[in-house]
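**Q** task: produce atomic coordinates for the following.
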Amino acid sequence: MNIVSSCQGNNLTIFLRLIELLEGERNVDKIGIYVSDSMAFDKQIQPKLQNKNVTVLKEWEIFNKGKDLAPNWEKIRDFEQRIGDPVLWNVILSDRRVFFGRKCKMQQDYKSRFSYHEMAGILQESLIYVEKHFNDIKPDLVISFGTSNVGDYLFYLFAKANKIPFLQLKATKISNRVSFNDDIITLSDHVKKVFDNDISFHTQITREAKEYLGQVEKTGAKCEGAILLKRKIDLLKTAFIIAKGAYASLRRKVNPIYRSDNHLEPHFSLQLYEKIFNPTKYFYQSFVLRNELLSYEQLGKQERFVFFPLHFEPEVSMQVVGRPYQNQIELVRNIALNLPAGMKVIVKEHPRSKGFRGLSYYRKLLEIPNVSLVKTEVPTNLVVKKSSMVAVISGSTGLEAAIIGRPVITFGVPVYNVLPNNMVRHITDLNNLSWEIKDLFKHYKKDDEKLEKYICAVIKGSVPVDLYTVLLGKSDRFNASGHIDDKGKREVEEYDALSSYFNLRINEELENVKK
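**A** This is a model prediction of the structure:
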């Protein structure tokens, strides 16, 4: 068996470990990987590739060559004809380090860091190199760990175009469950088949689903890997992190490869914005808008309203799952202009976006007559409970609202769009938005049986693994099990569970190819 994978950072560590465990079950002949982040590659990844028969495709080399080329539009159009979905702009948009500005991780920055022709050159070279990579390895399986860079998206497109089994490891946002999906956008076919068919679930699965649904209704959704937002600032720790960022930035500047790697973030600036500039800006914005931000008590006095939680951006939930809706202000305006008389839109900022956007962003929202902002500190599940309807592009808040018992409209294509149309309504035409909202209010009916079946289907098609906190070692993420006593032992257990599930999903996808 030949396998290729698109990885970045510690995801490659997971991939290599899974391949080692897989070799006990199958013969793995050729391995090909696409890697981004040259600094992480040198420090963490390259040492692990010693004595391994691995062909490496380096993103920074492709990008540096591509951005200086005059694009061959005929060649790009040929690729677009063969693998596009249907166009290749989706590949560029999925990678914030190509499409957005240099400060997009620090603040809202829409000005692309590359020119139109540079983007086209990068796309052209990436297409050529990835296709050659596929032709050389001749993979029987393609593995992905996200959709956040050009390589991730192209691996998916080439796999689909060549009918090669594709699996992407993805958090389901249900407890600590992860799934190897066959699609980067829609609900994976192995879950959808279970949801669509009449089958009986094991008692343990049904019990877990009922417990999850009950917990969401009571306290809101909590999933492993959610970023923990610290309210207090530890000055000593902050100073250490900033100093560490300054050292990383210095290393980047003195190394010609790191210096030219578009994937590497300016660590020093990133830490300054995250630890000092953005918190300060958020404090100032909260003071300026203090009389316009609704508290929880004031929220309870509002008439009927639609709740729209802002998405953090740039993020996969907008760039990939909600591509047509890159301007959230205009989407909120559309919702507000299509509501029945007396209804408002209540908007809540994403907790990760505190101080990220400029004050003018909120001013523009507040200029819309029937739009108000609620304080970011008000828990999302409490706003959902007070609302009459929830509107999202994508994201887990929509599923949480459906479980709590609120009608939901979606503009992107989140996986829970498979729920009944009288619970979750997918909007495909903004011209009909007012009719869709009116019709959903009229015919809304919570279907507990379908909700339970959906959660059961996801549980059946996934595996419980602490991906972020244990396997990726992210200390700033939520872990439902709390303190981990023996990390080494726990890691072995998690890899064993993930490996068994990985092997199962490979068998299922290979069987689908035969059919």
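**Q** give me the phi and psi angles of the one residue sitting closest to the centre of the chain.
**A** The chain has V316 as the residue nearest its centroid, 4.2 Å off, counting by Cα atoms, centre = their mean. When read as degrees, to the nearest 10, the backbone of V316 gives phi -60, psi -40.
**Q** contacts only, for it.
**A** Taking Cβ atoms under 8 Å, 6 or more residues apart in numbering, we find V316 in contact with 94, 146-148. Quick note: C-beta positions are derived from backbone N, CA and C, even for glycine.
**Q** now those as CSV including neighbour count, secondary structure and pLDDT?
**A** As requested, these are exported to CSV (neighbours: other Cβ atoms under 10 Å; DSSP: H, G, I helix; E, B strand; the rest coil; pLDDT from 0 to 100):
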residue, neighbour count, secondary structure, pLDDT
S94, 24, helix, 94
G146, 19, coil, 88
T147, 22, coil, 90
S148, 20, coil, 89
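**Q** identify the farthest-apart pair in the residues you listed.
**A** S94 and G146 (9.7 Å; Cβ to Cβ).
**Q** shared neighbours, those two?
**A** What both S94 and G146 touch, as defined by Cβ under 8 Å, 6+ apart, is the set 152, 316.
**Q** tell me the pLDDT at the spatially closest residue to S188 that is not a sequence neighbour?
**A** Nearest non-adjacent residue to S188, counting by Cβ to Cβ, 6 or more residues apart in numbering: N181, 3.6 Å away. On the pLDDT scale, N181 is placed at 97.
**Q** ok, what's across the strand from N181?
**A** N181 forms beta bridges with Q168, as assigned by DSSP bridges.
**Q** now it: how far from L504?
**A** According to Cβ to Cβ, to the nearest Å, N181 and L504 sit 14 Å apart.
**Q** who has more neighbours out of those two?
**A** Taking neighbours as other Cβ atoms under 10 Å, N181 and L504 compare with N181 leading, 24 against 14.
**Q** surely that one meets P165?
**A** No: using Cβ atoms under 8 Å, N181 is not in contact with P165; the gap is 11.8 Å.
**Q** what residues are shared contacts of those two?
**A** By Cβ under 8 Å, 6+ apart, N181 and P165 have no common neighbours.
**Q** any idea how many residues pack against the nearest residue to R357 once chain neighbours are set aside?
**A** Sequence neighbours aside, Q108 is the residue nearest to R357 in space, at 4.8 Å (criterion: Cβ to Cβ, 6+ apart). Other residues near Q108 come to 15 when the count uses other Cβ under 10 Å.
**Q** packing partners of the helix or strand bottoming out on mean pLDDT in the chain?
**A** Least confident helix or strand of the chain, by mean pLDDT, DSSP states H and E, is helix 235-254 with a mean of 76. The contact analysis (3 or more Cβ pairs under 8 Å, 6 or more residues apart in numbering; DSSP states H and E) places helix 235-254 against helix 38-40, helix 256-259, helix 267-272.
**Q** dump that helix to CSV, keeping only the CA atoms.
**A** Provided in CSV are the C-alpha atoms of helix 235-254 (Å, rounded to 0.1, in the frame of the first residue of the first chain):
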residue,chain,number,x,y,z
LEU,A,235,2.5,39.3,33.7
LEU,A,236,5.6,37.1,34.4
LYS,A,237,4.3,34.3,32.1
THR,A,238,3.3,36.9,29.5
ALA,A,239,6.8,38.4,29.5
PHE,A,240,8.4,35.0,29.1
ILE,A,241,6.1,34.1,26.2
ILE,A,242,6.9,37.4,24.4
ALA,A,243,10.6,36.9,25.0
LYS,A,244,10.3,33.4,23.5
GLY,A,245,8.5,34.9,20.6
ALA,A,246,11.3,37.4,20.1
TYR,A,247,13.8,34.6,20.0
ALA,A,248,11.8,32.7,17.5
SER,A,249,11.5,35.8,15.3
LEU,A,250,15.3,36.3,15.5
ARG,A,251,15.9,32.7,14.5
ARG,A,252,13.6,33.3,11.5
LYS,A,253,15.4,36.4,10.4
VAL,A,254,18.9,35.0,10.5
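**Q** residues in contact with it?
**A** Residues contacting helix 235-254 (Cβ under 8 Å, 6+ apart): 39, 258-259, 261, 264, 266-272, 275-276.
**Q** may I see the buried residues of it?
**A** By neighbour count on 16 or more other Cβ atoms under 10 Å, the buried set for helix 235-254 is 241-242, 245, 248-249, 252.
**Q** can you show me the strands along the stretch 401-515 of the chain?
**A** 408-410, 424-426, 463-464 (DSSP state E, counting those that start in this stretch).
**Q** so where's this protein uncertain?
**A** Applying pLDDT under 70 to the chain flags residues 229-235, 481-483.
**Q** biggest helix in it, by residue count?
**A** Looking across the chain with DSSP state H, the single longest helix is helix 487-514.
**Q** in that one, what counts as buried?
**A** Neighbour-count burial for helix 487-514 [16+ other Cβ under 10 Å]: 490-491, 494-495, 498-499, 501-503, 505-506, 508-509.
**Q** mind checking how far that helix is from the chain centre?
**A** 22 Å (Cα atoms, centre = their mean, to the nearest Å).
**Q** could you tell me how many residues sit around C104?
**A** Other residues close to C104 by other Cβ under 10 Å number 20.
**Q** so which residues make contact with stretch 36-55?
**A** 8-10, 12-13, 16, 29-33, 35, 56, 58-60, 133, 136-137, 149, 151, 248, 251-252, 255, 257-258, 261, 263-264.
**Q** now do stretch 342-349
**A** 294, 299, 302-310, 332, 335-336, 339, 357, 362, 365, 368, 370-374, 376, 378, 380, 383, 387-388, 391.
**Q** narrow those residues to those in helices?
**A** Per DSSP H, those map to helices at 299, 332, 335-336, 362, 365, 380, 383.
**Q** which helix or strand contains the closest residue to L127 other than its chain neighbours?
**A** Counting by Cβ to Cβ, 6+ apart, F79 is the residue found nearest to L127 once chain neighbours are left out, at 4.7 Å. In this assignment (DSSP states H and E), F79 forms part of helix 73-83.
**Q** how distant is that helix from the center of its chain?
**A** 27 Å.
**Q** what are the contacting residues of that helix?
**A** In contact with helix 73-83 (Cβ under 8 Å, 6+ apart) are residues 86-88, 120, 123-124, 127-128, 131, 154, 157-158, 160-161.
**Q** list the buried residues for it?
**A** Those would be 76, 79-80, 83, for helix 73-83 by 16+ other Cβ under 10 Å.
**Q** same check on stretch 137-153?
**A** The neighbour-count check on stretch 137-153 (16+ other Cβ under 10 Å) flags 137, 139-153 as buried.
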